[in-house]
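Undergrad: Just need the structure, nothing else, for what follows:
(one chain, ligands or ions: 2)
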Amino acid sequence: MNFTITSKGDETSDALCEKMKTYLIDFGLVWNEEKPELVISVGGDGTLLSNFHRYRNRLSTTAFIGVHTGHLGFYADWTPQEVEKLVIDIAKTPFDIVEYPLLEVMVSYINGDSDSRYLALNECTVKATEGSLVMDVLIKNDHFETFRGDGLCISTPSGSTAYNKALGGAIVHPSLEAIQLAEMASINNRVFRTVGSPLILPKHHTCLLIPVNDVNFTVTIDHLTLLHKDVKSIRCKVASEKVRFARYRSFPFWSRVKESFVGDKS
Ligand code: NAP
Ligand code: MN
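TA: Ligands and ions are numbered 1, 2, ... in the order given. Below you'll find the predicted structure:
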């Protein structure tokens, strides 16, 4: 099996990375950065997010796995102490695959430039380049509200524990094929009104954002920040692609949520 490992770049992650690489090569696995079937991230969730984007054109044949060298991650859920067991499992056992939904973002332009298509593992956020963001929000092509405020966040289920959670969004189990629209500080008074609650949309229900006046936006896709000019619309929906995680042991999503946010008092 072809594999690659990337490190967050700190000393601990680099050392762990080298150790795993040596063991796996000794076990007969093949180091291949171009066409890996297994991509191991050592560091944190951010390291796995970078790998997701690096191998974004090979999602159907690549499986991801993450080791955390800092706090427990949602994607990076193996501890450094478990690495020896993990390496043996990788070498000896065929892995199960768990698939999580992704978010598709299509940006269209006024000047007729071809659309830009992105896939997000966590979320897409849209903010104004200056002043408040003002956008019409259409759901399934019907006008739902005119949003005025700091910005909008559209997240995947596995991204619901990241930025979305900080915005008061719900935590969504990744077995649900859905996206969540959460507001960032909407302006609500007699003139402007938004629903206020985060919305969870099922597959095939698109969320279309149309500029009301300014047409330049700061759009983030996971950890990437992009400036988009002359925007006609931003369309978000559950993507047809999925991300695949290699599973060697069970660590249920709600246990990860509990360990990350609630702690272990019982
Ligand atoms: P970062 O600034 O290091 O990330 C912020 C934190 O989010 C880190 O602790 C990161 O974990 C954690 N994280 C990433 N994905 C997560 C997930 N699915 N569930 C729970 N926590 C998650 O930048 P980064 O590591 O490149 O990550 C980019 C992400 O940061 C964005 O996708 C966005 O979700 C998040 N973010 C959050 C806020 C906020 O909460 N107010 C604001 C901006 C961005 P690690 O330390 O393990 O990397
Ligand atoms: Mn990070």
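
Undergrad: what residues does stretch 10-18 touch?
TA: 5-7, 42-43, 47, 67, 69, 80, 83 (C-beta atoms under 8 Å, 6 or more residues apart in numbering). For the C-beta atoms, the positions are set from N, CA and C on the backbone; glycine is no exception.

Undergrad: from the residues you listed, which ones fall inside helices?
TA: 47, 83 (DSSP state H).

Undergrad: Domain map for this structure?
TA: With domains defined by automatic domain parsing, the chain comprises 2-95+248-262, 102-240.

Undergrad: In CSV, list the ones you listed along with mean neighbour count.
TA: Below are the domains of the chain laid out as CSV (neighbours: other C-beta atoms under 10 Å):
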stretch, mean neighbour count
domain 2-95+248-262, 17
domain 102-240, 18
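
Undergrad: mind checking the longest strand of the chain?
TA: As assigned by DSSP state E, the longest strand anywhere in the chain is strand 231-247.

Undergrad: Could you list the alpha-carbon positions for that strand in CSV?
TA: Listed next in CSV are the C-alpha coordinates belonging to strand 231-247 (Å, rounded to 0.1, in the frame of the first residue of the first chain):
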residue,chain,number,x,y,z
VAL,A,231,-19.3,38.1,-7.3
LYS,A,232,-22.7,37.3,-8.8
SER,A,233,-23.6,34.6,-6.4
ILE,A,234,-22.2,32.0,-3.9
ARG,A,235,-24.0,28.7,-4.0
CYS,A,236,-23.5,26.1,-1.2
LYS,A,237,-24.7,22.6,-1.0
VAL,A,238,-23.8,19.1,0.2
ALA,A,239,-21.1,17.9,-2.3
SER,A,240,-21.3,14.7,-4.3
GLU,A,241,-17.8,13.8,-3.1
LYS,A,242,-17.1,12.5,0.4
VAL,A,243,-14.0,12.4,2.5
ARG,A,244,-12.8,8.9,3.5
PHE,A,245,-11.2,8.2,6.9
ALA,A,246,-9.3,5.0,7.7
ARG,A,247,-10.8,3.4,10.8
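
Undergrad: now, which of the contacts of stretch 10-18 sits nearest Leu29?
TA: Ranked by distance to Leu29 (C-beta to C-beta), those are led by Ile5 at 10.5 Å.

Undergrad: Quick check: beta-bridge partners of that closest one?
TA: Ile40 (DSSP bridges).

Undergrad: how about the helices in the stretch 51-200 of the chain?
TA: 83-92, 163-166 (DSSP state H, counting those that start in this stretch).

Undergrad: Ligand 2: which of the ones you listed is closest?
TA: Proximity to ligand 2 (C-beta to the ion) singles out helix 163-166 among those, at 12.1 Å.

Undergrad: The closest one and ligand 2 in contact?
TA: No: Helix 163-166 lies out of reach of ligand 2 by C-beta under 5 Å from the ion, never closer than 12.1 Å.

Undergrad: partners of the nearest residue to Leu208 once chain neighbours are set aside in the sheet?
TA: Excluding its sequence neighbours, the residue lying closest to Leu208 (C-beta to C-beta, 6 or more residues apart in numbering) is Leu138, at 4.1 Å. Following DSSP bridges, Leu138 is listed with bridge partners His143, Leu208.

Undergrad: is it true that Leu138 touches Ile210?
TA: Yes: counting by C-beta atoms under 8 Å, Leu138 touches Ile210, with 6.7 Å between them.

Undergrad: Now render the contacts of stretch 10-18 as a markdown table, adding distance to Asp89 and pLDDT.
TA: Shown next, in a markdown table, are these (distance: C-beta to C-beta, whole Å; pLDDT from 0 to 100):
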| residue | distance to Asp89 | pLDDT |
| --- | --- | --- |
| Ile5 | 15 | 98 |
| Thr6 | 20 | 98 |
| Ser7 | 20 | 98 |
| Val42 | 16 | 98 |
| Gly43 | 20 | 98 |
| Thr47 | 20 | 98 |
| Val67 | 13 | 98 |
| Thr69 | 19 | 97 |
| Pro80 | 15 | 96 |
| Val83 | 10 | 95 |
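
Undergrad: Between the contacts of stretch 10-18, which sits nearest Arg56?
TA: Using C-beta to C-beta, Thr6 comes nearest to Arg56 of the contacts of stretch 10-18, at 14.3 Å.
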